[in-house]
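Asks: mind folding the following:
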Amino acid sequence: MDYKPIRVIISGGGTGGHIFPAVSIANKLKELNPATEILFVGAEGKMEMEKVPAEGYAIKGLPIVGVQRQLNLKNLLNNVTVPFRVLDSIRQARAIVREFKPDVAVGVGGFASAPLLWAATGMKIPSLIQEQNGFAGLTNKLLGSRVQSICVAYEGMEKFFPADKIVLSGNPIRTPVSQPATPRMKAEALEYYHLSPEARHLFIVGGSLGSGTLNRAVKHWIQDGCPDGEGVEIIWQCGKYYKKEIDAFMESHPQVKGIVHYDFIARMDLAYAAADVVVSRSGASTVSELCAMGKATVFVPSPNVAEDHQTHNAMALVRKDAASLVKDGEALDELMPTALGLLRNPERIAILEKNAEKMALRNAAQVICDEIYKLV
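Replies: Here you go, the predicted model:
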């Protein structure tokens, strides 16, 4: 394929699960042709307005906001403004498209992508959307009939989109977490986290902000005397919002050994490499990374997401015997016994690792970029 220089608008965001795949697509486009020009469009005040410039890309913000489902006065006032903000965002999006003159528009989901892709498709700009989850988001479902190509990460997405537009691409993931760990990498990981090669290792990760459910489950297990914890070491990513609370909790339990806790994990590649078993929420990017690294995982899907899409993501693996699942409401009592039971069953770990790796789609960014070039 001739990867000539092109002009691309990439729109979406709101969460890391939308932003990081978008940046991966941009990076691959620049790798294919450094002369390609890329403009991001996001939502004012959202994390993409900070994260995207940090990656070296220009971004413009729209005044779009999402509908808030939790009913209180602040959210009701927000929801009243939504239609006006949508119309203003579409108007501004048209102006951005006219000024930038893209060859193609790419939407990665999140409400920020709706006005830009609506404007671009209305102006006859070839367009593509990428759906990261196993249950399509509202924005992408609305856009599915207007775009030319839909890149998805899971099979069975015909129930949301026209079948002839679907391309099974997978989710773009970061290079350091795109392959199973080598023995050398595992040794480096154990040294990095000051862990013993003789122990079994559990990595508990609740996302960049942490998870109250996972934290409560670990605290409950510690307060119960760490049953079945002999010979186990734990890397516990508790999240920045919970760090002070967990610091105080661990100080009040000085007898507990073999647990290292962090608010944020910068070297996810080494944390995954150290782990024999991972406990995690099931956001799309995380699921893709765990498949790529071939990890045995116990998923605890977050119930606080649109259309319960984390459960759909996790179940795509559970149905293929590639992961275990504990419901959020049952995690307090069931999570640690489930994870520790798996940790003591190397045969079961091997099956989950093998089946998870079978589901890995490591070439997602390249597949998506090839689709972009086909549209151009």
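
Asks: in the chain, which helix or strand is least confident?
Replies: Here the helix or strand of the chain ranked lowest by mean pLDDT, DSSP states H and E is helix 73-100, holding a mean of 79.

Asks: show me which positions of whatever helix or strand comes next after that one end up buried.
Replies: Under the assignment DSSP states H and E, the closest C-terminal helix or strand after helix 73-100 is strand 104-107. For strand 104-107, a neighbour-count test (16 or more other Cβ atoms under 10 Å) marks 104-107 as buried. All C-beta atoms are positioned from the backbone trio N, CA, C, and that covers glycine.

Asks: now swap in stretch 326-340 and tell me
Replies: For stretch 326-340, by 16+ other Cβ under 10 Å, it's 326, 328, 331, 335-336, 338-340.

Asks: mean confidence score for that stretch?
Replies: On average, the pLDDT along stretch 326-340 is 97.

Asks: what is the three-state secondary structure of L202?
Replies: strand (DSSP: H, G, I helix; E, B strand; the rest coil).

Asks: show me what contacts it?
Replies: 232-235, 275-279, 339-340, 343 (Cβ atoms under 8 Å, 6 or more residues apart in numbering).

Asks: sorry, back to before: with pLDDT and distance to G170 as extra columns, can I get the buried residues of strand 104-107 in a markdown table?
Replies: Formatted as a markdown table, the buried residues of strand 104-107 follow (pLDDT from 0 to 100; distance: Cβ to Cβ, whole Å):
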| residue | pLDDT | distance to G170 |
| --- | --- | --- |
| V104 | 98 | 20 |
| A105 | 98 | 21 |
| V106 | 97 | 16 |
| G107 | 95 | 17 |
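
Asks: contacts for stretch 239-258?
Replies: Under the criterion Cβ under 8 Å, 6+ apart, residues 199, 206-212, 215, 219, 222-223, 226, 229, 232-234, 236, 238, 259, 261, 263-264 lie in contact with stretch 239-258.

Asks: kindly recompute the last result at 7 Å.
Replies: 199, 206, 209-212, 215, 219, 222, 226, 232-234, 238, 261, 263-264 (Cβ atoms under 7 Å, 6 or more residues apart in numbering).

Asks: of those, just the buried ones, PyMOL syntax please.
Replies: Per 16+ other Cβ under 10 Å, the buried members of these correspond to this PyMOL selection:
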select buried, resi 206+210+211+212+215+219+222+226+232+233+234+238+261+263
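
Asks: which ones among the contacts of stretch 239-258 lie within strands?
Replies: Secondary structure defined by DSSP state E assigns 232-234, 261 of these to strands.

Asks: these two touch, right, I59 and F40?
Replies: Yes: using Cβ atoms under 7 Å, I59 is in contact with F40, at 3.9 Å.

Asks: got any residues that touch both of these two?
Replies: 48, 52.

Asks: compare neighbour counts for those two and give me the winner.
Replies: For I59 and F40, the more surrounded residue by other Cβ atoms under 10 Å is F40, and the numbers stand at 29 against 19.

Asks: quick one: contacts for E155?
Replies: When contacts are counted by Cβ under 7 Å, 6+ apart, E155 touches L168.

Asks: distance of it relative to G109?
Replies: Distance of E155 to G109, computed by Cβ to Cβ, to the nearest Å: 18 Å.

Asks: repeat that for G12.
Replies: 5 Å.

Asks: for the spatially most central residue of the chain, pull up the helix or strand it's in.
Replies: With distances taken as Cα atoms, centre = their mean, S285 lies nearest the centre of the chain, 2.9 Å away. Element membership for S285, per DSSP H and E: helix 284-292.

Asks: packing partners of that helix?
Replies: Here helix 284-292 touches helix 16-32, strand 277-280, helix 309-318, helix 346-358, going by 3 or more Cβ pairs under 7 Å, 6 or more residues apart in numbering; DSSP states H and E.

Asks: from the chain's centroid, how far away is the second one?
Replies: When you say that, I think you mean strand 277-280. A distance of 15 Å separates the centroid of the chain from that of strand 277-280, by Cα atoms, centre = their mean, to the nearest Å.

Asks: output the below-cut-off pLDDT ranges for the stretch 101-250 of the chain.
Replies: Within the stretch 101-250 of the chain, no stretch has pLDDT under 70.

Asks: quick one, helices of it?
Replies: For the stretch 101-250 of the chain, the helices defined by DSSP state H, counting those that start in this stretch occupy 113-122, 138-143, 183-192, 212-223, 243-251.

Asks: adding distance to A93, write the ones you listed out as TSV.
Replies: TSV is the format used below for these (distance: least, Cβ to Cβ, whole Å):
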stretch	distance to A93
helix 113-122	4
helix 138-143	13
helix 183-192	44
helix 212-223	36
helix 243-251	38
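
Asks: out of the ones you listed, deepest packed?
Replies: Per-stretch averages of neighbours, counted by mean count of other Cβ atoms under 10 Å, single out helix 113-122 among these, with a mean of 25.

Asks: just checking the distance from it to the centre of its chain.
Replies: How far helix 113-122 lies from its chain's middle: 23 Å, per Cα atoms, centre = their mean.

Asks: now do stretch 104-120
Replies: How far stretch 104-120 lies from its chain's middle: 19 Å, per Cα atoms, centre = their mean.

Asks: and the end-to-end length of it?
Replies: Separation of the first and last residues of stretch 104-120 by Cα to Cα, to the nearest Å is 8 Å.
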